[in-house]
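> build the 3D model from these lines:
(chains A and B)
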Number of protein chains: 2
Amino acid sequence: MATASQASTKVDLHRELARQLRADSIRCSTEAGSGHPTSSLSAADLIAVLLASHLRYDWSKPKDPANDHLIFSKGHASPLYYAMLRAAGAIDDPELMTFRKLGSRLEGHPTPRLPWTDVATGSLGQGLPIAVGEALAAKRPLDAPFHVWTLTGDSELSEGSIWEGLDHAGHEGLSNFTAIFDINRLGQRGPTELEWDLDTYAARVRAFGCDPIVIDGHDLVAIDDALGRARRAERPTVVVAKTVKGKGVSFLEDKEGWHGKALDPEQAKQALAELGAVPSRAFPTIKPDPWTPRPMARPKKPDLATYTAPLATRKAYGEALAALGAARADVVVLDAEVSNSTHAEDFKKTAPDRFFEMYIAEEQMIAAAVGMQVLGLVPFASTFAAFMTRASDFIRMAAISRANIRLSGSHAGVSIGEDGPSQMALEDLAMMRAVFDSTVLYPCDANQTARLVALMADLPGISYIRTTREKTPIIYSDGLDEFRVGGSRIVRGGGADDQVAVIAAGITVHEAVKAADSLKDTIKVRVIDAYSVKPIDADALVDAVRTTGGLLIVAEDHWPEGGIGDAVLAALADADVSGELVRFVHLAPRQMPGSGKPAELLAAAGIDAAHIAAAATELAR
Amino acid sequence: MATASQASTKVDLHRELARQLRADSIRCSTEAGSGHPTSSLSAADLIAVLLASHLRYDWSKPKDPANDHLIFSKGHASPLYYAMLRAAGAIDDPELMTFRKLGSRLEGHPTPRLPWTDVATGSLGQGLPIAVGEALAAKRPLDAPFHVWTLTGDSELSEGSIWEGLDHAGHEGLSNFTAIFDINRLGQRGPTELEWDLDTYAARVRAFGCDPIVIDGHDLVAIDDALGRARRAERPTVVVAKTVKGKGVSFLEDKEGWHGKALDPEQAKQALAELGAVPSRAFPTIKPDPWTPRPMARPKKPDLATYTAPLATRKAYGEALAALGAARADVVVLDAEVSNSTHAEDFKKTAPDRFFEMYIAEEQMIAAAVGMQVLGLVPFASTFAAFMTRASDFIRMAAISRANIRLSGSHAGVSIGEDGPSQMALEDLAMMRAVFDSTVLYPCDANQTARLVALMADLPGISYIRTTREKTPIIYSDGLDEFRVGGSRIVRGGGADDQVAVIAAGITVHEAVKAADSLKDTIKVRVIDAYSVKPIDADALVDAVRTTGGLLIVAEDHWPEGGIGDAVLAALADADVSGELVRFVHLAPRQMPGSGKPAELLAAAGIDAAHIAAAATELAR
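Sure, this is the predicted structure:
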């Protein structure tokens, strides 16, 4: 039990720290000439108490596995975040003043260029779901003792992804998770939908399976009590804090028109005087109790199957995942309630403690994967490729987070058949190619799929594998160790007398092979399996252009924009070989497909063997 | 007050209709050999009572503005949906048996190829938010008397978008909106997260501002009562119905392993015998009371401003919207809580009753736009271009819905400056180009922006305009009526002696102009403003290739993949001109940007005037 004077000392410390966080938030944003000081001020008391008395973090060892985790879901409160780093002694005052300047690690919104920052935030509604992923990984399989904290704004509570996150926190009983809602009533352009209706926020939190603690977010004693209760709770907790935007500076408090605006130097001077700011300093913080993760078994080479009979590449994906799971303990798998379609269920059967059912919540699935890789795990996340688009913004942000995650999209293209266009991914290659530093793979047979999945486990950045619903024949029985990122394979032709080259991937490789075989007595067709769509094998493309005298066909089960056709043309242009490209025929769906049998739909889309053969015949004429 | 015998007759009718809906759901899916009969059976009683006694719909006049609206958010229950159309007399039995066959209007999931179908569903969690959009438009500005109904599954209730939808229904007090939750406990691969926890569903509904009515979804009297109360309620209502998947057929009821599986003919025979199926027939339905919409003022030509001073294109967007709003009464505007940044607020000032604040819920924003265009309105929806990715799956589905919606993404590219990469759209062109039948526009000055916005109002399909944060100089003072979809403009050079062509759009047009002007004494540079990114002006590109002897530069503020560079190469290949392309330099960001001033970041990304001039000099050497 703390004595009255200890309590008073503690409150004084919190008050001093909050004052400094406010002052530094204003100082750095005024120096930058932009930023969000008022959104920082509303949460300064919450963060002061958290930093000084609840967050267990060794700021000199950001990678200590015992450290708590803290994600600013409201990334625009970066002045407060950086002021906190300054108060923790992680950065110094001169660096704080580089905020938002070219080359500074202190960007407009936090990114992992800073070693204390787990992930990039700034697209609202993402930090909380990522924190849920960290807490989930901590609970199992890591069995880690740390607590995960996340600070959200109130505007972002209108994003559905927040409720996906709390739903999962509640469902999984994540007692190691605490969200702090900074309910400051004002959004960017005026009042939020719920303003200060704390009861409704609390009811929503409760209905989604978490325990709300409603407080005045400027009452330092109440904050201290709430954060302590949250940490000790046996349930996931949300501290719903009523705050005032711009708190602490009279001309900013609860005022509209101040969102995302820095104070000018004169205003800042007045604000600092009001705050009674003193030179900023480092404050004492709490280190975690030492903890060493359970050692992981040394990874083995996965025991991949070799197939001879036709098999869907999605099934080979699942079996390769299972082999990976058996070979290494850091692989985790997430799926959006379709694991019997993506075949991620094969992993679940062999490593159920490392399989995460995310139900139909693709955004939460990607967020959880991002959170898990922060902790050193190797996540694979799967759903229908069409529904991967649901998480497009999360994948975009994962790239800014420099996250290493592996995605699998099944049921690609019109070849899925009867289910119709809502289930057909026809834009996923465009989406995934346009992700910074991504790898995009699209295998055509089970053996190739297994080897590419194994490669993905060691790939940095965001990698994506596109799989097919239908069973496809085995193309590769040898050279299975030669598949590589940036590679391709010639599956028909390959001689210096090839007359036409067909570039295909996935399902269209089989159509191209049939076309080449049907023409074998009349036209020498080279079929290139461009299974690595990004990076694409430019050398193989250049060779195909030179050998054929510039006669190329691309056949792909994807809209014409942004897929393999665009990738091929860009690679040739980049290699300065466009000028040798005499004819380029791009076979791709150009009308909205309906339902039908896979073969009927491939034909209707103009990407089946007959269309490829006709195009080759036309080119070779 | 109904007499006992009338009530009994009514229940008998509902029972007969439900029996037929079940039988026809089985018959058509067995005939197709695929589909979701068990997910249809769980909701058959709900839909029988709705169709016979609550839905006011003239099935011979699907476009009657007085009709109620019904969206199957659980689109995979299409057998039930089509069985309902059959029972309503909208289609006949032979057509029902074409389900899922090539060329049939009865696709695996419903699409608006059927005149009774408002929108495509099949990506879960979208139908409900679209229904909210319809109800919102009906309430204002249309003041329409119809009711909007939507049927959801329970698996899809884990999508955050459902809660965005209910949040908006509650916030706007949409008494004309009723959702029916078909809580059948089983998802695709096993039990749902909440199974039959109806209390939790009800608590969530209540917390999000709607009134739950919890019933046994197979009690025909309870259903009738609930739907009647829902229609009369003064609040948005959700009927939370406990149901049994496969209900009515003993070997299907509440059984795992039957999701998305058709019965084989023998199983179907047994099921039909159990149901006591009789030949299917048309049932009586209820027509709406006649209603004629308030006549709209005849549209006028919008009074667009002509600018001379530098202005951000996002501001010109807002002002053009306001002019459109004044000129025609069917234009509505939605924004995701950033209307003071996108400048959609300019419309709000002139037509507040047609402005919809969607708060930070981009998925709900797009869904609402899709719902509103069903009712003949002309929606424009805006947010930061980076956050448009949040709604990628909704935009994809909008294309399958053949929706006519107009999107505006502001703050494109690294040129936004200090806010950093989370706020920079660098993949939006890739995303929007890969939308079926889309139009993608990217203006560089205020006058051009205004004219393109005016054109968008009359465009079919999904159109997108990308705007810039920073003020940009005026490029165009004449020929303002010549901007068109598929057009381009030459802003420097244009003669037969041009040595190099730079293709730019938006912010890079200004950089290209500066580059061309800096080189004007040494190299003749043609600058093409490719403001229509899709469709792109192939003739202008071909002419540039031929004039310059194949020396092109593309400079764009977008990742290298999927944007203007890819569009240019694809157009040249399609025109069979690739072979004349001697050198192609693609200037685009290739490293993850940080914060900095706009000019610094353009330079760091290699897309400023200096880099363009250097590339042109190199090419012309």
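
> right, and A:Val370 touches A:Ala403 too?
Yes - counting by Cβ atoms under 8 Å, A:Val370 does reach A:Ala403; the two are 4.7 Å apart. In this view, the C-beta of every residue, glycine as well, is placed from N, C-alpha and C.

> identify the contacts common to these two.
Residues touching both A:Val370 and A:Ala403 (Cβ atoms under 8 Å, 6 or more residues apart in numbering or on different chains): A:Val119.

> for A:Leu519, which residues are in contact?
A:Val525, A:Ala613, A:Ala616, A:Thr617.

> element containing the closest residue to the first one other than its chain neighbours, please.
Residue nearest to A:Val525 in three dimensions, not counting chain neighbours: A:Ala516, with 4.0 Å by Cβ to Cβ, 6 or more residues apart in numbering or on different chains. With elements delineated by DSSP states H and E, A:Ala516 resides in helix A:507-518, which encompasses its position.

> swap in A:Ala615?
Going by DSSP H and E, A:Ala615 is part of helix A:609-620.

> counting by contacts, list what that helix packs against.
For helix A:609-620, the packing partners by 3 or more Cβ pairs under 8 Å, 6 or more residues apart in numbering or on different chains; DSSP states H and E come out as strand A:500-504, helix A:507-518, strand A:551-555, strand A:583-587.

> of those, which stretch is the most buried?
The highest mean neighbour count among these, using mean count of other Cβ atoms under 10 Å in any protein chain shown, belongs to strand A:500-504: a mean of 30.

> re the thing from before, what comes into contact with the next helix or strand after the helix holding A:Ala516?
Proceeding N to C from helix A:507-518, the next assigned helix or strand is strand A:525-529, under DSSP H and E. Applying Cβ under 8 Å, 6+ apart, the contact partners of strand A:525-529 are A:444, A:448, A:475, A:488-494, A:498-505, A:509, A:512-513, A:515-516, A:519, A:537, A:540-541, A:544, A:547-548, A:616.

> which residues touch the closest residue to A:Gly376 other than its chain neighbours?
Leaving aside its chain neighbours, A:Gly376 sits nearest to A:Asp330 (6.7 Å; criterion: Cβ to Cβ, 6+ apart). Residues in contact with A:Asp330 (Cβ under 8 Å, 6+ apart) are A:Met296, A:Pro299, A:Gly376, A:Leu377, A:Val378.

> out of these, which end up buried?
A:Leu377, A:Val378 (16 or more other Cβ atoms under 10 Å in any protein chain shown).

> in strands, which of the contacts of A:Asp330 fall?
A:Val378 (DSSP state E).

> possible to save the contacts of A:Asp330 as TSV with pLDDT?
As requested, the contacts of A:Asp330 are arranged in TSV below (pLDDT from 0 to 100):
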residue	pLDDT
A:Met296	87
A:Pro299	89
A:Gly376	97
A:Leu377	97
A:Val378	98
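
> can you count the residues close to the residue in the stretch 401-550 of chain A that chain B sits nearest to?
Here the residue of the stretch 401-550 of chain A nearest chain B is A:Ser422; by Cβ to the nearest Cβ that distance is 2.9 Å. By the criterion of other Cβ atoms under 10 Å in any protein chain shown, A:Ser422 has 26 neighbours.

> checking it next. Helix, strand or coil?
Of the three states, A:Ser422 takes helix according to DSSP: H, G, I helix; E, B strand; the rest coil.

> what separation is there between it and B:Thr111?
In this view, A:Ser422 and B:Thr111 are 8 Å apart by Cβ to Cβ, to the nearest Å.

> shared neighbours of these two, which are they?
Common neighbours of A:Ser422 and B:Thr111 (Cβ under 8 Å, 6+ apart) are B:Ala120, B:Ile400.

> what sits closest to A:Ala544 if chain neighbours are left out?
A:Ala544 sits nearest to A:Ala501 (Cβ to Cβ, 6+ apart), 3.8 Å away.

> how about the residues of the stretch 351-500 of chain A near chain B?
Contacts of the stretch 351-500 of chain A with chain B, taken as Cβ under 8 Å from any Cβ of the partner chain, map to A:359-361, A:363-364, A:386-387, A:389-390, A:392-393, A:396-397, A:399-400, A:402, A:417-423, A:426-427, A:430-431, A:433-437.
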